[in-house]
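Q: coordinates only, sequence not included:
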């Protein structure tokens with residue numbers, strides 16, 4: 001009997017999480033009520049308090065889980081190039097990250113991506129979870145890799161800005177996907193096309209890195225500090 005009750009509890013918890021992810025992604029945290037979540041999940045209105053404490057607890061659970069998944073995917077992309085020269089490691093990371101962003105077309109993946117996008121544009125108290133669990137760990141690793149490619153200190157503004165720009169190029173394909181597919185109906189995000197996109201982003205990023213190193217410019221003012229000597 002206890003096992004059946006536990007199974008039902010877990011099933012209810014998972015159902016509430018999935019419904020909440022979609023509704024929060026569609027409407028935002030402040031425009032979704034506990035009652036609406038439970039009604040659509042087919043559960044008692046007390047289910048959210050029972051499993052998560054309150055609406056914010058439910059939301060933080062979702063954001064934390066998605067952020068950890070983001071980081072795990074990026075770390076896997078780094079690991080795919082382990083032991084290779086820095087430039088090849090960068091290519092492996094970009095390729096893996098783009099596939100992570102673009103391969104999945106399932107409805108659930110779509111809602112989770114929108115959930116993160118909405119949280120970053122309409123931040124709540126849960127934003128720190130995305131930063132601490134989903135961005136900082138892999139971001140530090142990318143920064144280190146870019147510093148090795150450029151042969152500059154990891155805290156050099158050129159390294160920090162380049163790592164962010166490279167990540168931003170990858171994210172652009174995800175955020176602009178719907179528009180790109182309408183502008184270019186023949187565009188299909190097949191695995192082979194994604195590989196070619198990864199080649200471009202890598203070549204573009206590496207060319208920029210080489211130029212930054214060679215031209216001697218400093219960009220410390222962008223980050224509020226001068227480049228280290």
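A: Good, I have the coordinates. Small disclaimer: the values here were computed from a predicted structure and weren't measured.
Q: The residue nearest in space to the middle of the chain and residue 169, how far apart?
A: Residue closest to the average C-alpha location in the chain (Cα atoms, centre = their mean): residue 70, at 4.7 Å. According to Cβ to Cβ, to the nearest Å, residue 70 and residue 169 sit 17 Å apart. Every C-beta, even on glycine, is put in place using the N, C-alpha and C of the backbone.
Q: One more: residue 35?
A: 42 Å.
Q: Would you mark the buried spots in the helix or strand where residue 100 lies?
A: Element membership of residue 100, judged by DSSP states H and E, is helix 86-102. Buried residues in helix 86-102, counted by 16 or more other Cβ atoms under 10 Å: 86-87, 89-102.
Q: tell me what that helix is packed against?
A: Contacts defined by 3 or more Cβ pairs under 8 Å, 6 or more residues apart in numbering; DSSP states H and E place helix 86-102 against helix 55-79, helix 136-150, helix 157-175, helix 191-215.
Q: which residues touch it?
A: 73-74, 76-78, 80-82, 84, 142, 145-146, 148-149, 166-167, 170-171, 173-174, 177, 189, 191, 194-195, 197-199, 201-202, 205-206 (Cβ atoms under 8 Å, 6 or more residues apart in numbering).
Q: Mean confidence (pLDDT) on it, please.
A: Mean pLDDT, helix 86-102: 94.
Q: From the chain's centroid, how far away is that helix?
A: Distance of helix 86-102 from its chain centroid, counting by Cα atoms, centre = their mean, to the nearest Å, is 14 Å.
Q: And for stretch 133-142?
A: Computed by Cα atoms, centre = their mean, the chain-centroid distance of stretch 133-142 equals 10 Å.
Q: Mind listing what's buried along that stretch?
A: The neighbour-count check on stretch 133-142 (16+ other Cβ under 10 Å) flags 133, 134, 135, 137, 138, 139, 141, 142 as buried.
Q: that older thread, what about residue 35 and residue 169, which has more around it?
A: Neighbour tally, residue 35 and residue 169, criterion other Cβ atoms under 10 Å: the higher count belongs to residue 169, 18 against 10.
Q: Can you tell me the closest non-neighbouring residue to that one?
A: Spatially, and ignoring its direct neighbours in sequence, residue 169 is nearest to residue 201 (4.9 Å; Cβ to Cβ, 6 or more residues apart in numbering).
Q: any idea how far the one you found is from residue 147?
A: 18 Å.
Q: same deal with residue 117?
A: 29 Å.
Q: Repeat that for residue 10.
A: Taken as Cβ to Cβ, the span from residue 10 to residue 147 is 44 Å.
Q: okay, the two: which has more neighbours?
A: Neighbour comparison, residue 10 and residue 147: the larger count goes to residue 147, with 20 against 11 (by other Cβ under 10 Å).
Q: Contacts only, for that one.
A: Here residue 147 is in contact with 153, 154, 156, 159 (criterion: Cβ under 8 Å, 6+ apart).
Q: out of the residues you listed, which are buried?
A: For the contacts of residue 147, a burial check counting by 16+ other Cβ under 10 Å picks out 154, 156, 159.
Q: Output those residues as a markdown table; include the columns pLDDT and distance to residue 53.
A: Below are the buried ones among the contacts of residue 147 laid out as a markdown table (pLDDT from 0 to 100; distance: Cβ to Cβ, whole Å):
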| residue | pLDDT | distance to residue 53 |
| --- | --- | --- |
| 154 | 93 | 39 |
| 156 | 92 | 44 |
| 159 | 95 | 41 |
